[in-house]
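[1] Need a 3D model of the sequence below.
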Amino acid sequence: MGALKKPANTQRQTEKAAEYFRGVLSELKKVHWPSRRQLLTYTGVVFFAVAIVSILMWIVDSGLSVALTKLLP
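    You can find the predicted model right below:
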């Protein structure tokens with residue numbers, strides 16, 4: 001048995017993958033990255049919003065639990 005040959009389009013797929021990643025790197029250079037201070041501010045806003053929504057969901061859930069407990073024997 002002879003050595004297995006790679007398909008001809010494997011070379012083309014490799015070239016296409018390399019071209020894709022070059023394009024990705026080129027686009028990443030165009031991105032406006034936030035400063036450290038902006039990042040910390042945005043993260044704080046997200047944590048605060050998640051905390052508020054969690055508290056509201058807990059209140060609604062507790063209210064529904066009490067209502068169902070009183071409705072169902």
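
[2] What segments of the chain are helices?
    Counting by DSSP state H, the segments of the chain that form helices are 8-30, 36-71.

[3] roughly how far apart are Tyr42 and Val31?
    In this structure, Tyr42 lies at 15 Å from Val31, with CB to CB, to the nearest Å as the measure. C-beta here means a position set from N, CA and C on the backbone, and glycine is covered the same way.

[4] Okay, now the unreliable bits of the chain?
    Scanning the chain for pLDDT under 70 picks out 1-8.

[5] if we go to 80?
    1-9, 73 (pLDDT under 80).

[6] show me what contacts Trp58?
    Contacts for Trp58 (CB atoms under 8 Å, 6 or more residues apart in numbering) come out as none.

[7] how close does it get to Lys29?
    Applying CB to CB, the value for Trp58 to Lys29 is 44 Å.

[8] surely Pro34 meets Leu40?
    No: between Pro34 and Leu40 there is no contact under CB atoms under 8 Å: 9.3 Å.

[9] More neighbours: Tyr42 and Val31, which one.
    Legend: neighbour count by other CB atoms under 10 Å for Tyr42 and Val31, higher for Tyr42 (11 against 7).

[10] Tell me who's in contact with the more buried one.
    Pro34.

[11] State the distance from it to Lys30.
    According to CB to CB, Tyr42 and Lys30 sit 20 Å apart.
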